[in-house]
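[1] Sequence plus the predicted model coming up.
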Amino acid sequence: MSSDVVRVVYRKYDGTAHRDYPARRLTEDDLGVWLGVTTGTESVYHGRPSVEQIPFVLLVPHDAWWSAMFNPPPRTSEVYCDIASPARWEGDTVHLIDLDLDVVRRRGTGLVELRDEDEFAEHRVRFGYPEETVAQARAAAEWLYVALGDGTEPFASAYRKWLALVV
């Protein structure tokens, strides 16, 4: 039986720390593992201690090149997807490699944005991303860009029941 608490560890491709925080396991379904993070959760962001000011729900999909953070107001991003390596689980710790690209849907307007292409290009060269990693990252970003705009689940409404548990 797995624990109710999961440690979420994001690193950059070169192994440097990116994000690290505890989350509560809400459920697991055909989409992946749903994790909740409440206000006041202590975390580490770029190697520095931090405290979450706004709760969120994280979906760690089964075998996909992304993760998705679902946010309540007042955060301006309703959905924030990190392009990342497929999750690697070690017990109650999930490891992801952040590959820089992000796909975001803005609250209110529904505008979908592809962000940090410059960082992706820079890190691709600096860290030597393999061509297969580049192809998978770009394909995931393209799929998410469409899915966040057209009502594909879990981005339409499926996340709302889980978000209600942490706000």
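    Perfect, thanks for sending it.
[2] contacting residues around stretch 34-53?
    Outside stretch 34-53, the residues that touch it by C-beta atoms under 8 Å, 6 or more residues apart in numbering are 6, 8, 16-28, 54-60, 159, 162, 165-166. C-beta: built from backbone N, CA, C; applies to glycine.
[3] run the last query once more with 6 Å
    6, 17, 19-21, 23-24, 26-27, 55-59, 162, 165-166 (C-beta atoms under 6 Å, 6 or more residues apart in numbering).
[4] Are any of these buried, and if so which?
    By the neighbour-count criterion of 16 or more other C-beta atoms under 10 Å, the contacts of stretch 34-53 include these buried positions: 6, 19-21, 23-24, 26, 55-59, 162, 166.
[5] show me where the protein has strands.
    5-12, 17-29, 32-37, 42-45, 48-51, 56-61, 66-70, 77-84, 88-90, 93-106, 112-115 (DSSP state E).
[6] what about dumping the CA coordinates of the fifth one to PDB?
    Pointing back at strand 48-51 there. Presented in PDB, the C-alpha positions along strand 48-51 are these (Å, rounded to 0.1, in the frame of the first residue of the first chain):
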ATOM      1  CA  ARG A  48      15.700  27.800  -2.200                       C
ATOM      2  CA  PRO A  49      13.100  27.200   0.500                       C
ATOM      3  CA  SER A  50       9.700  28.400  -0.400                       C
ATOM      4  CA  VAL A  51       6.100  28.200   0.900                       C
END
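[7] So in that sheet, which strands flank that strand, and in what orientation?
    Strand 48-51 pairs in its sheet with strand 42-45 (antiparallel), by DSSP bridges.
[8] Please apply the same query to the shortest one.
    Using DSSP bridges, strand 88-90 pairs in its sheet with strand 93-106 (antiparallel).
[9] so where's this protein shaky on pLDDT?
    For the chain, the stretches with pLDDT under 70 are 1-2.
[10] need the longest helix for it.
    What stands out as the longest helix in the chain, according to DSSP state H, is helix 131-150.
[11] residues making contact with that helix?
    65-66, 79, 81, 83, 99, 101, 103, 105, 112, 114, 155.
[12] Now list the buried members of those residues.
    Using 16+ other C-beta under 10 Å as the burial test, the contacts of helix 131-150 include 65-66, 79, 81, 83, 99, 101, 103, 105, 112, 114, 155 as buried.
[13] circling back: residues of the longest helix of the chain that come out buried?
    Within helix 131-150, judged by 16+ other C-beta under 10 Å, the buried ones are 133, 136-138, 140-141, 143-145, 147-148.
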